[in-house]
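Q: no sequence for this one, just the structure:
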Ligand SMILES: NC(=O)c1ccc[n+]([C@@H]2O[C@H](COP(=O)([O-])OP(=O)(O)OC[C@H]3O[C@@H](n4cnc5c(N)ncnc54)[C@H](O)[C@@H]3O)[C@@H](O)[C@H]2O)c1
Ligand SMILES: O=C(O)C(=O)C[C@]1(C(=O)O)C=C[C@@H](O)C=C1
């Protein structure tokens, strides 16, 4: 019999998950969203089999429910869930960037028909809404799971099987450690990106040419300042304590840097920059670690129409499949660097040889 999966909140993340759910043959996908045009879009594009504008009605149909609305809305939906008369068991998960308040709400659930496992895919974008949804969004990304109590192995296995089409890598974390880590590596950087943009905007009053000088560096570090303000305001306040602590750390760190500058401590500054560089350069291999086994090559390309396509075509001609492509740096009219990932070393070595033969500068990096 077909199982029914409900996705509540069909934006960037919910929509991307819905596209993955379609890979299951035996799954009916239903959607709930507060935005009528989103529901219409899902219907028109066959993303969901059925849509609902009433959460309770939709939940009653579902065997599995993925809550993918903004964090505070998800907390509200978990509370509402407990008031709904269910006539079958339901496995509920979420995708929220903050886990503490979600798991607190889940622990207060009284309906024994509900099993809750918190979830958070560590992949996304600064874009929002169903139109930004992408099936491949989660490929190779870490997907954090936080079971709401012990002895949930069977439910965890079911959830992992459901998410198999995303090609993500699972990691079980406690909510507290999750929120501290994502605070450091995701939430706080979003705040800093916005503050850098505000700083540039303030200085623009004195120097109107500032935006014209914004080159690769400023654009790289501030891309995420283009994220959805209401979603991120919500994340910051749902993770308020960690954010406040990180702000205190950051202010201290900036005071230290100010002191180095004011006192002309060039050696110390160089060491500071070197240590940061070492850590940053090691991030990709640390990320791969035991969870990731990808085989990468780096290819220099020129920024001209069709440059990326030519590389892909060359490898496709030899039936080599690329598991991931990332444009690491590119400036208009100048060379850029592509990182191509493969499933195995054989494909990587072959690609390296083919591209070299075709006069591409490529480097293999472990
Ligand atoms: N954006 C990212 O990079 C990212 C990555 C991982 C996880 N997340 C988490 O995923 C969740 C959704 O984020 P997103 O980026 O998909 O946002 P989004 O704005 O693209 O989508 C949110 C969706 O929720 C719907 N919604 C809002 N209020 C609702 C309500 N009261 N009832 C029903 N639906 C409602 C909106 O209409 C929209 O379709 C958030 O909890 C966020 O923390 C986001
Ligand atoms: O790539 C981006 O734009 C993101 O912001 C993705 C990102 C992040 O890396 O901070 C954002 C929020 C999440 O909960 C997980 C991932």
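A: Alright, I've got the coordinates. Every value quoted in this text rests on a predicted model; they were computed, and no experiment measured them. Numbers count the residues shown, from 1 in each chain. Ligands and ions are numbered 1, 2, ... in the order given.

Q: for the residue nearest the centre of the chain, phi and psi?
A: The centroid of the chain falls nearest to residue 123 when counting by CA atoms, centre = their mean (1.5 Å). In terms of degrees, to the nearest 10, the main-chain angles of residue 123 are phi -150, psi 150.

Q: try residue 321
A: In terms of degrees, to the nearest 10, the main-chain angles of residue 321 are phi -100, psi 140.

Q: Apart from its chain neighbours, what residue comes closest to the residue nearest to the centre of the chain?
A: In this structure, residue 123 finds its nearest non-sequential neighbour in residue 141, 3.6 Å apart by CB to CB, 6 or more residues apart in numbering. Yep, even glycine has a C-beta here, placed from its N, CA and C like the rest.

Q: and the gap between the residue located most distally from the centre of the chain and residue 194?
A: What lies farthest from the middle of the chain is residue 263; by CA atoms, centre = their mean that is 40.3 Å. Distance, residue 263 to residue 194, using CB to CB, to the nearest Å: 30 Å.

Q: before we move on, what about residue 248?
A: 18 Å.

Q: low-confidence ranges in the protein?
A: 284-294, 329-335, 366 (pLDDT under 70).

Q: interface residues of it facing ligand 1?
A: Within the chain, the positions near ligand 1 by CB under 6 Å from any ligand atom are 9-14, 33-35, 38, 68-71, 73-74, 95-97, 120-121, 124-125, 128-129, 228, 231, 235.

Q: Which of those fall in helices?
A: Judged by DSSP state H, these include 12, 13, 14, 38, 71, 73, 74, 231, 235 as members of helices.

Q: Tell me which two of those sit farthest apart.
A: For those, the maximum inter-member distance is 20.4 Å, found between 38 and 235 (CB to CB).

Q: can you pull out the strands in the stretch 251-366 of the chain?
A: Here the stretch 251-366 of the chain has its strands, by DSSP state E, counting those that start in this stretch, at 295-302, 324-329, 335-342, 362-365.

Q: Need the ones you listed in JSON lines (columns: distance to ligand 2 and mean neighbour count).
A: Formatted as JSON lines, the strands of the stretch 251-366 of the chain follow (distance: least, CB to the nearest ligand atom, whole Å; neighbours: other CB atoms under 10 Å):
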{"stretch": "strand 295-302", "distance to ligand 2": "19", "mean neighbour count": "18"}
{"stretch": "strand 324-329", "distance to ligand 2": "12", "mean neighbour count": "12"}
{"stretch": "strand 335-342", "distance to ligand 2": "16", "mean neighbour count": "19"}
{"stretch": "strand 362-365", "distance to ligand 2": "22", "mean neighbour count": "13"}
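
Q: and of those, who's closest to residue 174?
A: strand 324-329 (29.2 Å).
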